[in-house]
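next one to model:
(one chain, ligands or ions: 1)
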Amino acid sequence: MGEENKENLTKSGSGAANNDNVEQTCETVDDDVKCYTFEEIRVHNMSNDTWLIIHDKVYDISSFLEEHPGGEEVLLEQAGADATESFEDVGHSTDAREMLQQYYIGELHVYFYYISWTMWLLPAVVAAVVGIVYRYYMFEHKSS
Ligand code: HEM
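This next block holds a predicted model:
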């Protein structure tokens, strides 16, 4: 499970936590910062319990819904999900970005997918056997 085995870095919300080939890391050096998976975040999608992800950070905006100048509807549409794109599309002011800090509750877990050497072993052995059998067959065929 070394760093060198990491082949493909992908974020996923597809219940990947139980996959052996997934290593969870939190992109922060602070131990006291809480990390949340997509699974944990997406259940907070109600008007009295609303979390959002913006730029891999998690915000509990339950108390902000009614105050939002853009209305609570747009926030509820993104509840429990990644709102980065819609947040950026609106072109929020610096003030709005600063407001985010007070709702910050933690970081999004980033999943690193890597392909372990064992996953290459079986196809490599199969390819080698097929190659040997093919050469043997060709040799037999020529000499007969
Ligand atoms: C916690 C996250 C958010 C905060 C703190 C926030 C804050 C604000 C603030 C302060 C404004 C006033 C204009 C400005 O200063 O830019 C605003 C406007 C607006 N926001 Fe948000 N916002 C958030 C998330 C979102 C999201 C996810 C959407 C999704 C579509 C959204 C949609 C809008 C819209 C449409 C307006 C424009 C309202 C208007 O001009 O009439 N906001 N927001």
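
could you use CA atoms for every contact and neighbour count after this?
Will do.

so what are the domain limits for this protein?
35-108, 113-143 (the TED database).

quick one: contacts for Ser63?
By CA atoms under 8 Å, 6 or more residues apart in numbering, Ser63 lies in contact with Asn48.

how about the one 3 residues further on?
Going by CA under 8 Å, 6+ apart, Glu66 touches Glu72.

and what of the one 5 residues further on?
Listed by CA under 8 Å, 6+ apart, the contact partners of Gly71 are Leu65.

what's it sitting at in phi/psi?
The phi and psi values for Gly71, taken as degrees, to the nearest 10, are phi 90, psi 160.

where's it relative to Pro123, distance?
Going from Gly71 to Pro123 by CA to CA, to the nearest Å gives 55 Å.

most packed of the domains of the chain?
domain 35-108 (a mean of 17; mean count of other CA atoms under 10 Å).

wait, does that domain contact the ligand?
Yes. Using CA under 6 Å from any ligand atom, domain 35-108 reaches the ligand at 61, 68-70, 74-75, 83, 86-87, 90, 92-93, 95-96, 99-100.
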